[in-house]
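J.: Got a predicted structure here, sequence first:
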Amino acid sequence: MDEKRLHAIGSDTKSATVDAIPPPVLQPVPAPPHQRRWVWWSIAGLFACTFYIAAQSCDPCYHHGTPTTSNDCTEPTLPRSIPNEESALGTSRLFASKPHMAGSPSDFETAKLFLTSLQHELGITPPSSGLPIFSAGSYESRSATLNISSYAEPTAWIDTYYPMLNSPLNQSLEILDSDGNPIWTAELDEFSDEADPYAAEYAKSVPTWHGFSRGGEAQGKLVYAKYGRKRDYDELVKSGVDLTGKIILARYGGNFRGLKVKRAQELGAAAVLIYSDPRDDGTVTSQNGYAPYPHGPARNPTSVQRGSVQYLSLYPGDPTTPGYPSYEDSVRSEGLSRPAIPSFPISWKNAEILLKQMVNGIEGPTVRLVNNVDEKVTPIWNVLGVIPGHVSGEVIVLGGHRDGKFYDFCLRTADRGIPFQHGYLEHPIPRLAQLLYLRHWDGEEFGLVGSTEWGEDFTEWVRDHVVAYVNIDTAVSGSRFRTSASPLLAHLLRNTALQIPHPTSEGRTLWDAHDDTGTFFGDVIDNEVLAVDESEQESTDDLGIRPLGSGSDYTVFLQYIGVPSVDACFTSTLHDPVYHYHSVFDSQRWQEVYGDPAFSRHVAIAKHIGLQVLHLSGNIILPFNTTHYSLQLEAYLQKVMVLSKQASFDIDFSTLHDSIRALQAASINLDKEKNEAKHRLKKILKLLRKKHSHRRKIIHKVEKAICKLKRLVGKECHSRDVELLANAGFGFGHTKKRLLRAIERVQAVNRRLIAFERAFISKEGIKDREWYKHLGVAPGKWLGYGATTFPGLSEAITIDKDPVEAVREVKRLEAMVGRLLEVTRL
């Protein structure tokens, strides 16, 4: 879920003609036998490439200090042959046109298809009682997760949660004359000709609406609020505009759509309309000569961005069960994270008509809108799979969401699932060192519902077992490689990207794509859009990686429980073909013509995911960098010190600063211990292998001698005699003790690394939005997607303007750094 300017790479012409694209596949198409392995993965999204890569690399001999095999261990390597572009394209064509909005019958059918595919490919014998579909909170559901450390074989099942969701019934928008009579009625549906058969087929499948929007009717004068950011509303109020009873018209971008509605509601507005403005498309506009999609790379003027208007920065998940899971019989509250006023999205074609009626570009005519929705408790289905590892007590979670973008059109396998799936799953499945918990979440597009409800359900288990969370959402919507992570995993994210070839440019790496800008240029571009783009680029750390805010399924892991998380994708730039986010034009045809014509970017993302998993599962020492994190904390502090000075606050930061410097020193010492523990273990393993080889040579010579003697006296030679000799030990006792001590040393280091991110978690949470418990980073209170570092302190200064509260937040950060020191110091 990414509401930034989402376009995609295309050709270097201003319009495009391509080979005919197959019409939408309305019924499941049986795959030929040789295709089945990659076909099912595209549905299930369970990272087949990871397993293939694991089979091609070494058998990890130790993971986190626990022996697994006697083979030598080298750094994980990546095969170049798979995943491949052909399977990516084929899978996408088969499955990117199956509608499945969360909670719909087709969503349930898709969940069952994923499950049966998992059972087939993982060699799971289906239970005679039918598919394992469990109601959340039941004994079966809780046992399935709580007991995964004991599983000896792969397992898969479905957990059913019961959140409050809504679905669209009908919407309307009219301009009224002075007597209240309609003089213009908006055409709210999107329109496409047969140039895009997918869009033409499903243009009216789901009305243009907002998930979690309030149902009802509103009438009032129209007011234009730019991006609908807090500062945009504040400027209107400061200029004397009374928003009470008004209908707000805001454009997408700058913040999460739900927060545009939230601020309007707080200022007394009656309703909100949100539209997609071509100015935000950079140079790829009709003004620069580009034809609109489907005949060119520019925006189709009828396109509409659907999406959730939940108040994401308050808390994600089911609004009616904050902080606890949505069981079928859960007690429900009113839900403070959803709007109390209606809203829905409109196209540029309709917005342009409204904007032309504006006086001084701010106030417009009287409009009436109707937003009728059906709200009810609705089942959703998380598909879960477990592949046991050699270290069963520690878990890596790989997750992506299955549900579509509200509209019942495109499940966007091309963007979300395929990056994991285009390998040929090895049989038998190679056993990685680490246990893999594979998650296909449902309800993400409503507000991270499936992942949040599960995380709230199994908080203690996640805290005790999950080492890291690897997320994938929109894999390809443009040409720029965008990376976000906990600072603990920033080096892993970058180093693995440096090992993968650039998907479209020979001699460069995947990491180099973070500077790519697209190929569609022009003379006309909006200066405000340029400024927004530049500010977004400044949000990276010194490695070029962004902190994680919210907007995807890593949120409950990082922000609520303290599990380090990563997320990477190809996103749009101001010079990429316009990506019609959450629109009917988010289609298979668009992806093949403009998004990723060769599907090489999808393959690159798949390899990147696989290589990260191999390092997380196969390295002796976890690839966590506490020193980089501690340096970032000092950078966070420098930012808030500037904010404090600008606000003329008199705050003493010296103790916090000194504590962070002490943490940096402790982390450097931990780095030394990491290296020494790793090399010590490798040295002993090398000695053991040498002794083992020497012993086998001696045993072989003794075996020959014994057999020769036995034959001389007429007896048969049995290998049992040699086995007894081999088990005698040959003086390995001392070396084995040294090995155990080395293993314990490595385990102690890894326990400290795992505890590091957990130390950021505060039971109190962040003021006014206590669900978010990570004191180092959170989604900005008025950003939603974008991250705010040291959020409690930053917002006490910039939003609350409360010096007393700011001092309290400094004390909380001092205590947090104290916890970090406790887990880092040797």
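T.: The structure has been received and is ready for your questions.
J.: switch to C-alpha atoms for all contacts and neighbour counts from now on
T.: Will do.
J.: Please, where are all the strands along the stretch 401-550 of the chain?
T.: Applying DSSP state E, counting those that start in this stretch to the stretch 401-550 of the chain gives strands spanning 434-441, 466-471, 480-485.
J.: now the stretch 701-826 of the chain
T.: For the stretch 701-826 of the chain, the strands defined by DSSP E, counting those that start in this stretch occupy 777-779, 787-789.
J.: and those strands, which is most packed in?
T.: Comparing the strands of the stretch 701-826 of the chain by mean neighbour count (mean count of other Cα atoms under 10 Å), strand 777-779 ranks first with a mean of 25.
J.: what comes into contact with it?
T.: 313, 547-550, 559, 772, 785-791 (Cα atoms under 8 Å, 6 or more residues apart in numbering).
J.: What is the lowest-pLDDT residue among those?
T.: Minimum pLDDT for these is recorded at Y785 (85).
J.: how deep is that one tucked in, by neighbour count?
T.: A total of 25 residues lie near Y785 under the criterion other Cα atoms under 10 Å.
J.: W184: what secondary structure?
T.: strand (DSSP: H, G, I helix; E, B strand; the rest coil).
J.: Let me see the contact set for it.
T.: 174-176.
J.: Show me the shaky parts of the stretch 501-650 of the chain.
T.: Low-confidence segments of the stretch 501-650 of the chain (pLDDT under 70): none present.
J.: go on, the chain?
T.: In the chain, residues with pLDDT under 70: 1-82, 91, 94-99, 405-434, 692-695, 697-703, 709-710, 712-714, 718-734.
J.: longest strand in it, by residue count?
T.: strand 363-377 (DSSP state E).
J.: give me the element L169 is part of.
T.: Assigning secondary structure by DSSP states H and E places L169 in strand 164-176.
J.: coming back round to it: now the longest strand of the chain against strand 164-176, angle please.
T.: Strand 363-377 and strand 164-176 meet at an angle of 160 degrees, taking axes from the mean of the first three to the mean of the last three Cα atoms, to 10 degrees as the criterion.
J.: what's strand 363-377 in contact with?
T.: With Cα under 8 Å, 6+ apart, strand 363-377 has contacts from 162-177, 209, 213-224, 247, 342-344, 354-355, 357-358.
J.: follow-up on the earlier one: for the strand holding L169, which helices and strands make contact with it?
T.: strand 182-185, strand 210-211, strand 363-377 (3 or more Cα pairs under 8 Å, 6 or more residues apart in numbering; DSSP states H and E).
J.: where's it relative to the chain centroid, distance-wise?
T.: The chain centre lies 30 Å from the centre of strand 164-176; the measure is Cα atoms, centre = their mean, to the nearest Å.
J.: Provide the contact partners of that strand at residue level.
T.: 182-186, 188, 206-209, 211-213, 318-320, 365-378, 446.
J.: Tell me, how many residues neighbour E460?
T.: E460 has 12 nearby residues by other Cα under 10 Å.
J.: pull the CA atoms of stretch 519-533 into CSV?
T.: C-alpha atoms of stretch 519-533 as CSV (Å, rounded to 0.1, in the frame of the first residue of the first chain):
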residue,chain,number,x,y,z
THR,A,519,12.8,7.9,-19.5
PHE,A,520,9.8,10.1,-20.2
PHE,A,521,10.8,13.8,-20.1
GLY,A,522,9.2,17.1,-21.0
ASP,A,523,9.5,20.8,-20.5
VAL,A,524,6.4,21.3,-18.3
ILE,A,525,6.5,20.2,-14.7
ASP,A,526,4.9,21.6,-11.6
ASN,A,527,7.3,23.3,-9.1
GLU,A,528,5.4,22.2,-6.0
VAL,A,529,5.6,18.6,-7.2
LEU,A,530,9.3,18.9,-7.7
ALA,A,531,9.7,20.2,-4.1
VAL,A,532,7.6,17.3,-2.7
ASP,A,533,9.8,14.9,-4.7
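J.: Could you tell me which residues within that stretch count as buried?
T.: Residues of stretch 519-533 classed as buried: 519-521, 525, 529, 533 (neighbour count, 16 or more other Cα atoms under 10 Å).
J.: tell me which of the residues you listed is nearest to I396?
T.: Of all the buried residues of stretch 519-533, D533 has the smallest distance to I396: 34.0 Å, by Cα to Cα.
J.: where's that closest one relative to T517, distance?
T.: According to Cα to Cα, to the nearest Å, D533 and T517 sit 12 Å apart.
J.: In CSV, list the strands of the stretch 401-550 of the chain along with mean neighbour count and distance to A755.
T.: Below are the strands of the stretch 401-550 of the chain laid out as CSV (neighbours: other Cα atoms under 10 Å; distance: least, Cα to Cα, whole Å):
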stretch, mean neighbour count, distance to A755
strand 434-441, 24, 18
strand 466-471, 23, 9
strand 480-485, 23, 17
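J.: With respect to I500, which of those lies nearest?
T.: Across these, I500 has its closest neighbour in strand 480-485 (12.3 Å, Cα to Cα).
J.: Give me the packing partners of the closest one, helices and strands only.
T.: helix 490-498, strand 565-571.
J.: CA atoms only for the last one - export them in PDB, please.
T.: If I follow you right, that is strand 565-571. Extracted C-alpha coordinates of strand 565-571, given in PDB (Å, rounded to 0.1, in the frame of the first residue of the first chain):
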ATOM      1  CA  SER A 565      11.600  -5.500   9.200                       C
ATOM      2  CA  VAL A 566      12.500  -4.800   5.600                       C
ATOM      3  CA  ASP A 567      10.600  -3.700   2.500                       C
ATOM      4  CA  ALA A 568      11.900  -3.000  -1.000                       C
ATOM      5  CA  CYS A 569      10.300  -2.400  -4.400                       C
ATOM      6  CA  PHE A 570      10.600  -0.600  -7.700                       C
ATOM      7  CA  THR A 571       8.600   2.700  -7.400                       C
END
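J.: Right, I'll call it a day here.
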